[in-house]
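# Sequence first, then the predicted structure:
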Amino acid sequence: MKEPYYITASKKMCQEAGMNPNEPSRPKKILSEAAFKEKRETYSEILSVVSFFSNKLLDSLKGTPILVAVSDAEGYLLNIEGDASSKTVIEQFGIRSGSLFIQEDTGTNVISLALQQKHPISLIGDQHYHKVLHGIACYGTAFYIRDENKKLGSVSIMMPIQFQNPLFLTMLSQSVDSIERELLLRKQNSKLDILNQIMLSRTRNGIVITDEKGITTEFNDFAQKVSGISRNLVIGRNIRESPHTGDYFKEVLEQGIVFTNEELMFEDESGDLVVCLFDAQPIYEGNKMIGAFGQFRDISERYLLQEQYNYLAYHDDLTKLPNRRYIKKEIEDIIEEIHTGEHRTLALIYIDLDRFKVINDNFNHSYGDSLLDEVSKRLSNGLGENEVLARMGGDEFIFLLVDFDEPDYVTKKAEEILSLFDQPFSVKNKEIHTTASIGIAIYPDYPLSYEELMVYADNAMFQAKLQGKNRYVVHTSKLLEGMQDEYSLEIDLRKALENNEFLLHYQPQVHNLTGELVGYEALIRWQHPVHGLLYPDKFIKAAEENGLIIQIGEWVINEACTQNKLWQDAGMQPLKMSINLSTQQFLTTNLITYVEEVLERTGLDPQYFVVEITEYMAMEYDYSIRVLKQLKALGIGISIDDFGTGYSSLNYLKNFPIDSIKIDKSFVDELLKDENNAFIVRAIITLAHNLQKEVIAEGVETIEQLNFLKEHHCDISQGYYFSKPLPPEEIEKRYFQ
């Protein structure tokens, strides 16, 4: 990307001035302590406003080592807030409060450039003239008194270059916009005394005035508009009775306390949410308190924008219903309450539309989407108290029922849902008939996980399909049988290692840019003597519960390394082999020594062996970073699997010795149907690349998904589009002959 002209001009000026790029240029003018104190007092109100919004920015980026710096219009640095260790580092370059930042003294810097330009700017890496600053990314913009177009100063954010992200510039612009709005409001208010504020009903602030006893004497038009309460109902009443501000005014009148920027939330007369910043203070005549003054400023728009960001992460873009991530959190929270002894009832009604694929094939996907939207509306009309409706993806919906008295309530609800499909749906002037198959799972009187409960509901729904569709099946009658099957499977599992019944299938990983095969993921299978080939979802949980997972995990490591070395010795191109570590295996004390012993015994070069961990494993930070560093010291690769579905933290990515990040299949599945998932995938790729990590997408099944990933520079893909996991002999036939 071409360097902006003003950065080029600044660097040229530095060169012509004879500045040495290898030696940092420090500010030559630093305010004395008294002068600095005086300047800060002059800017005190401005700094309080900037600090309020910059702290919100810092809170939203918690975990990222950033600094927020504020200067005056001349370039004097007035305040720095943020990461303490980063502040210590920049002080070595002379970046501290009281310093004057002008290009003639300090060269190309974000403060000077931000003050020069009429727009937000970024200054990243080698765009700095001095090399000591090449490891820093900066974003900055000036802020003004809007009605006078008078420049007041600048706000800049700084961070290590690996955390750079264009979104920071947008966030900074939004914060400065809020700062300018707030400063303008304060300036307007400061020009008016109390009597003028009472008279000017057009003010954008809600004004409340009381006498010394708390009796309300003024309640202006904007206060009426925001609160939805008529002035006639307020004047003459004691402000302490107000449900919104009464407690605040009580402390103002009785203790002389001053409140600033208190956040209030209530509904207006239309039932819409109103969010205000509220100030209150006593009014004095001489030394005598003669009343209280309060004002509130409507920040609903800013608040609702933030709420929208949070909403998108947990709601389906098509139907606006809660999504899979939302319902998972809700169920896990309720299960946790049940486990801690709280009396709760819980049931899932899992709904799958019948013949939805036929509808999509006979019409098109736009009809399918419209049908899903109409179904969601009709299902929403059937929602009762203590019920949540969510779209799980595709044509699957779920009702979450809680705190009901009898199981009959659940089956009656299922019957009501089935009846909602009796009438056809009107989709683009066509009548479309569909029915639903429903699976019911009621939480039993013994501990069960979210995943198990979902499996029970899904299995019941599948049985409803098998029995002819347009019906419901209750899984409770199958629970004992299922448990007996699991117990039988557990007995067989103990013999499986001894009888050499496990085997590995290998799924190819393909480089998106070159199309070349770059590695495999080794996936375990169980060749059961009775049930045939079993996939991990049938036995891994049982292995974790009975402690066999560690032995199985060691077998996987040995088998994968052995197979990879055999292929290399046969003359095949050396490729990376990935295996999944279980949580129990990750926590064992002999993991490092076992991996080291297998690599030495098989003779496999460590660079061709990769272990995949989950975000959940990384929660024990101190233990995890120690183990990962020891694994990395062996020379092997480390990848985070299913990224974005667990306990994501920038801190993990920054400090852990991770080589690659795997985007979870759930995001790839809905990539082209859900703009939120597409946004998340783009963000993960950008974040990973900025941290110098490789990105692998799993579950790629269509050319459209692959093209999207290529377009956004995802490095590697795996999935059924390329190949399902294959046994070794099939791998050899397909890729090595």
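Received the coordinates, thanks. Computed from a predicted structure; not experimentally measured.
# what residue is smack in the middle of the protein?
The centroid of the chain falls nearest to residue 313 when counting by C-alpha atoms, centre = their mean (6.9 Å).
# Contact partners for residue 641?
Residues near residue 641 by C-beta atoms under 8 Å, 6 or more residues apart in numbering: 580, 612, 613, 614, 662, 664. In short, each C-beta sits where N, CA and C put it, glycine included.
# Strands of the stretch 401-550 of the chain, start to end?
425-427, 430-432, 436-442, 472-474, 502-511, 517-528, 532-534 (DSSP state E, counting those that start in this stretch).
# contacting residues around the fifth one?
Just to be clear, that refers to strand 502-511. So strand 502-511 is contacted by 496, 516-527, 552, 555-556, 559-560, 563, 576-578, 696, 715-719, 722-728, 731, 735 (C-beta under 8 Å, 6+ apart).
# List only those of those flagged as buried.
496, 517-526, 552, 555-556, 559-560, 563, 576-578, 696, 715-719, 722-723, 725-726, 731, 735 (16 or more other C-beta atoms under 10 Å).
# so who does the nearest residue to residue 4 once chain neighbours are set aside touch?
Once flanking residues are discounted, residue 4 sits nearest to residue 121: 7.2 Å by C-beta to C-beta, 6 or more residues apart in numbering. By C-beta under 8 Å, 6+ apart, residue 121 lies in contact with 4, 6, 110, 113, 114, 139, 140, 141.
# Ramachandran coordinates for the first one?
This points to residue 4. With angles defined as degrees, to the nearest 10, residue 4 sits at phi -60, psi 150.
# And the strands of the stretch 401-550 of the chain: which comes nearest residue 584?
strand 517-528 (14.9 Å; C-beta to C-beta).
# Remind me what that closest one packs against, helices and strands.
Counting contacts by 3 or more C-beta pairs under 8 Å, 6 or more residues apart in numbering; DSSP states H and E, strand 517-528 packs against helix 479-496, strand 502-511, strand 532-534, helix 549-569, strand 576-580, strand 716-718.
# burial of residue 701, as a residue count?
14 (other C-beta atoms under 10 Å).
# what sits up against stretch 707-715?
Residues contacting stretch 707-715 (C-beta under 8 Å, 6+ apart): 511-513, 660, 663, 668, 671-672, 678, 681-682, 685, 689, 694-697, 700, 717.
# please redo it, this time with the cut-off set to 7 Å
Outside stretch 707-715, the residues that touch it by C-beta atoms under 7 Å, 6 or more residues apart in numbering are 511-512, 671-672, 682, 685, 689, 694-697, 700, 717.
# sorry, back to before: the residue nearest to the centre of the chain: what's it in contact with?
Residues near residue 313 by C-beta under 7 Å, 6+ apart: none.
# For it, give its distance to residue 98.
Distance from residue 313 to residue 98, counting by C-beta to C-beta, to the nearest Å: 42 Å.
# what's the answer for residue 458, then?
For residue 458 relative to residue 98 (C-beta to C-beta), the value is 64 Å.
# Likewise for residue 256?
Using C-beta to C-beta, residue 256 is found at 35 Å from residue 98.
# Looking at those two, which is more packed in?
Neighbour count, other C-beta under 10 Å: between residue 256 and residue 98, residue 98 has more, with 18 against 12.
# Next up, phi/psi of the more buried one, please.
phi 100, psi -10.
# Per-residue pLDDT of residue 479, please?
According to the prediction, residue 479 has pLDDT 45.
# distance of the closest residue to residue 207 other than its chain neighbours from residue 296?
In this structure, residue 207 finds its nearest non-sequential neighbour in residue 220, 4.4 Å apart by C-beta to C-beta, 6+ apart. Using C-beta to C-beta, residue 220 is found at 11 Å from residue 296.
# the more surrounded of those two?
Between residue 220 and residue 296, counting by other C-beta under 10 Å, residue 296 is the more crowded of the two (25 against 21).
# where does that one land in three-state SS?
strand (DSSP: H, G, I helix; E, B strand; the rest coil).
# longest helix in the protein, by residue count?
Taking DSSP state H as the criterion, the chain has its longest helix at helix 167-190.
# Packing partners of that helix?
helix 44-60, strand 136-145, strand 150-160 (3 or more C-beta pairs under 7 Å, 6 or more residues apart in numbering; DSSP states H and E).
# Columns mean pLDDT, mean neighbour count and distance to residue 273 on top of those, output as JSON lines?
Shown next, in JSON lines, are those (pLDDT from 0 to 100; neighbours: other C-beta atoms under 10 Å; distance: least, C-beta to C-beta, whole Å):
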{"stretch": "helix 44-60", "mean pLDDT": "83", "mean neighbour count": "17", "distance to residue 273": "19"}
{"stretch": "strand 136-145", "mean pLDDT": "92", "mean neighbour count": "22", "distance to residue 273": "29"}
{"stretch": "strand 150-160", "mean pLDDT": "91", "mean neighbour count": "22", "distance to residue 273": "29"}
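# Of those, which is nearest residue 33?
Of all the helices and strands packed on helix 167-190, helix 44-60 comes closest under C-beta to C-beta, at 16.4 Å.
# What angle do helix 167-190 and the closest one make with each other?
150 degrees (axes from the mean of the first three to the mean of the last three C-alpha atoms, to 10 degrees).
# And the average pLDDT for stretch 354-363 is what?
Per-residue pLDDT over stretch 354-363 has a mean of 72.
# sorry, that was for stretch 548-563
Stretch 548-563 comes out at a mean pLDDT of 94.
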